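[1] next comes the sequence, and after it the predicted model I'd like to discuss.
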Amino acid sequence: MTAPETPVIQATVIQTPVIQTPDTVKTGRHGIIEQFLADGLDHMFGNPGTVEQGFLDALEDYPAFKYILTLQETIAVAMADGYARARNKPALVQLHSSVGTGNAVGMMYQALRGQAPLVVIAGEAGVKYDAMDAQMAVDLVAMTKPVTKYSTRVTHPSSLLRVLRRAIKMAQTAPCGPVFVALPMDVLDAPLEGEVRPSTFVDTRAVPSSEGLKEAAAWLAVAERPLILMGDGISFSGAHLELETLAETLGAPVYGVNSSEVNLSAAHPLYGGTTGHMFGEVSRNIVQNADVVLICGTYVFPEVFPALERPFHPDARLIHIDLDPYEMAKNFDLDLALLGDPKTGLAALCALLELHMSEDQKASGKGRLETAKAHRLEQNRLEQGATQRAASGPLEGSAQGPMKMDTFVAELSKHLPDDVMVFDEALTNSPAVTRHLVPHLPGHFFQTRGGSLGVGIPGALGVKLAHPDKTVLAFTGDGGSMYTIQALWTAAKYGIGAKFIICNNGSYHLLKLNIDQYWKEQNIAAHAHPTSFDLSQPVTDFVSVAKGMHVPALRVERAEQLESAIQQMLESEGPFLLDVIVSE
């Protein structure tokens, strides 16, 4: 496996257009576009409004700058999130004043939890109107502060470019995250002050202290039940190879925690899956027997209902390597908290273990690895047998009830290239997706994070814009898709050829599973699920919805329809939607 190169922001040579303004003076609205171009940021996702009209008009003078129009602000943020993740570079979002920002806040929270480097701007009527409490007036900085890494407002033309460069720097500096800048209209209309130049890129390849690393290596070397908990910080850092090498040296199982990308191939024998998303008890069952736990590129634990008491073994030693000191020992005490980049930190650990592990310790690690390989082979054999038995059985369809999601994805997998890119918001159907489309290539598989529904369709559009030559699939549910279904219009407008798969089970199935767990914890007898979880009546006609926004679509109900429908989808040059009826 070859670790991806660290992205470097390169300056772009700007060809300054002739600005047709009454006084021929370049204004702030032109300056911010040139600043973005100087930082290699040439795509902006947004929804226009009156107080941004001068800036949007100025965009017409810069043909190299691409404005992607969306029909709702949630879609703009989600598309930018996918675009930023696929490129591992910042992406730009434009919102409209208070009402547009309010629409976007939920998806900005998603970006914050996922550490997506988004630079979000919103217009205002003007500083001169501050005392008027006019229509749409609100404290945008206060509104966005809880869901951003940095939030500010420019109040004078002399600060415009300086503040933008600061925001861009902060968004792309690990730990990355969304930033917000409010831009009053009178500031943008004023003559530009200051010089456009590339923003500073901060090199965060810091190595933890040698003393701390030596102590961590000593503990890991003698561990009998080592465990690694990792997250998307591995992908941000490009530490895939180092993580794999360390895990194989120790023979340590690896679990994802807030892991929504390929940080370790899901096909690797030491990959155990992910810890709990909803309930802390799931994570406790995974970690409670380990004697040494290494946490890297993530935080513990991101469940909705986390364990309040320490879930680790009482005698376990905990080591955390990350660039975010806030996340270290946030909830549970650590034995070693090492501030540093995951890639450099893990590389140093690998080198120390290679030098100082005894032959017996190396043999123990190799033995654990071989056991894991044997277990994975047996697991694969059983799964293949189940797939073959299902394939030899009667075709699934409406007469026998809806087909299983496994049936669909197994057929789909036969028609896809190895480097297919997937944005997975299938939620309760995700296990079927990852069984047959095993996430194994870094930068080619993305899942939802932060709890926001509706990221699947716009997220895949952002990925496809970043990689127009790749096959890009979005999996989403019949419930989640309706949060951002207007994104299909944007796909059609720009000819973004992502493919969308609606996993249609007629319900908010995840809520049913969660309330089942709630009843169990509260000693409530199982009974009919709340009617508010049901989406089956009236039936949403996704094919008509898609065609109404000029995206071709098919509804698939029976297994014998699969091959033809899949071929039509993949042969289509533009966007295409499949509404796949599956069982719960």
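    Yep, that arrived.
[2] and residue 561, that one's in a helix?
    Yes: judged by DSSP: H, G, I helix; E, B strand; the rest coil, residue 561 forms part of a helix.
[3] apart from its chain neighbours, what residue comes closest to residue 504?
    Nearest in space to residue 504, with sequence neighbours left out and distances taken as Cβ to Cβ, 6 or more residues apart in numbering, is residue 478 at 4.3 Å. (C-beta placed from N, C-alpha, C; glycine too.)
[4] now do the same contact list for that neighbour.
    By Cβ atoms under 8 Å, 6 or more residues apart in numbering, the contact list for residue 478 reads 502, 503, 504, 505, 506, 507, 535, 540, 542.
[5] counting by contacts, list what the longest helix along the chain packs against.
    As assigned by DSSP state H, the longest helix anywhere in the chain is helix 359-392. Helix 359-392 sits against helix 240-250, helix 405-413, with contacts defined as 3 or more Cβ pairs under 8 Å, 6 or more residues apart in numbering; DSSP states H and E.
[6] can you tell me which residues contact residue 133?
    If you count contacts by Cβ under 8 Å, 6+ apart, then residue 133 has nothing around it.
[7] could you list the domains of the chain?
    28-189, 210-372, 397-581 (automatic domain parsing).
[8] can you tell me which of these is most buried?
    The highest mean neighbour count among the domains of the chain, using mean count of other Cβ atoms under 10 Å, belongs to domain 28-189: a mean of 21.
[9] from one end of it to the other, what's the distance?
    End-to-end distance for domain 28-189: 6 Å, by Cα to Cα, to the nearest Å.
[10] and it, average pLDDT?
    Per-region confidence: domain 28-189 scores 95 on mean pLDDT.
[11] re the thing from before, redo the helices and strands packed on helix 359-392 as a markdown table? Include distance to residue 270 and mean pLDDT.
    Below are the helices and strands packed on helix 359-392 laid out as a markdown table (distance: least, Cβ to Cβ, whole Å; pLDDT from 0 to 100):
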| stretch | distance to residue 270 | mean pLDDT |
| --- | --- | --- |
| helix 240-250 | 5 | 98 |
| helix 405-413 | 23 | 94 |
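[12] figure out which of those helices is closest to residue 337.
    helix 240-250 (18.1 Å; Cβ to Cβ).
[13] off-centre distance for the closest one?
    23 Å (Cα atoms, centre = their mean, to the nearest Å).
[14] partner strands of the helix or strand that comes right after it, with direction?
    Of the helices and strands lying after helix 240-250 in sequence (DSSP states H and E), the nearest is strand 254-256. Strand 254-256 pairs in its sheet with strand 226-230 (parallel), strand 271-274 (parallel), by DSSP bridges.
[15] for residue 460, give me its contacts.
    So residue 460 contacts 82, 423, 472, 473, 474, 498, 499, 500 (Cβ under 8 Å, 6+ apart).
[16] over to residue 71?
    47, 486, 487, 489, 490.
[17] the closest residue in space to the fourth one that isn't next to it in sequence and residue 350, how far apart?
    Closest residue to residue 489 apart from its sequence neighbours, by Cβ to Cβ, 6+ apart: residue 549 at 4.3 Å. Applying Cβ to Cβ, to the nearest Å, one obtains 50 Å for the distance of residue 549 from residue 350.
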